[in-house]
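Participant: My questions concern the predicted model and sequence given below.
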Amino acid sequence: MPIRTHRKGGILINTQFKKGVLDLCVLSVLEKQDCYGWDLISRISEHIEITEGTIYPLLRRLKDDGQLTTYLQESSDGPPRKYYRITQSGLENLRAGRQEWLSFAQGVSTLLACGGPASPGNTCPLKGDRIEHE
């Protein structure tokens, strides 16, 4: 099965990378404040490219999993908006997932910067450690 990718600013981005971390992105935004769907998409889109077709099914799944709740709030711009609120379960998953992601991302960054063949005297720019041959 081929990996789906799309072009972003000349760089090919693997869509599976984003799908694997969007839960954490949604929960992280909602940790700060409740949001309606379009507001959530706008906030996340400031940092990574996403679409409505990606977020709404994710919100439904997170709600079904008990990580989010919803409520309606009147809007001066039209019909009431459905707001999403993180639950205690969502907060717990966010905290665990955040630690796991940060550790994983740091490891990947180190590998990408320093993962080539080691030669005596090389220094990894991310860690400042000398790379030694075994």
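Facilitator: That came through, no problem. The structure presented is a predicted model; accordingly, all values stated were derived computationally and were not measured.
Participant: other SSEs contacting the longest helix belonging to the chain?
Facilitator: Secondary structure of the chain per DSSP state H: the longest helix is helix 88-114. If you count contacts as 3 or more CB pairs under 8 Å, 6 or more residues apart in numbering; DSSP states H and E, helix 88-114 packs onto helix 15-32. To be clear about C-beta, it is placed using only N, CA and C from the backbone, and glycine gets the same treatment.
Participant: which strands and helices sit next to the helix it packs on?
Facilitator: Partner elements for helix 15-32 (3+ CB pairs under 8 Å, 6+ apart): helix 37-45, helix 52-64, strand 78-86, helix 88-114.
Participant: residues in contact with it?
Facilitator: For helix 15-32, contacts defined as CB atoms under 8 Å, 6 or more residues apart in numbering pick out 3-6, 35, 40, 43-44, 47-48, 50, 54-55, 58-59, 62, 67-68, 84-86, 90-91, 93-94, 97-98, 101.
Participant: Show me just the buried residues among those residues.
Facilitator: 35, 40, 43-44, 50, 54-55, 58-59, 62, 67-68, 84, 86, 90, 93-94, 101 (16 or more other CB atoms under 10 Å).
Participant: relative to helix 52-64, how tilted is the longest helix of the chain?
Facilitator: Interaxial angle, helix 88-114 versus helix 52-64 (axes from the mean of the first three to the mean of the last three CA atoms, to 10 degrees): 130 degrees.
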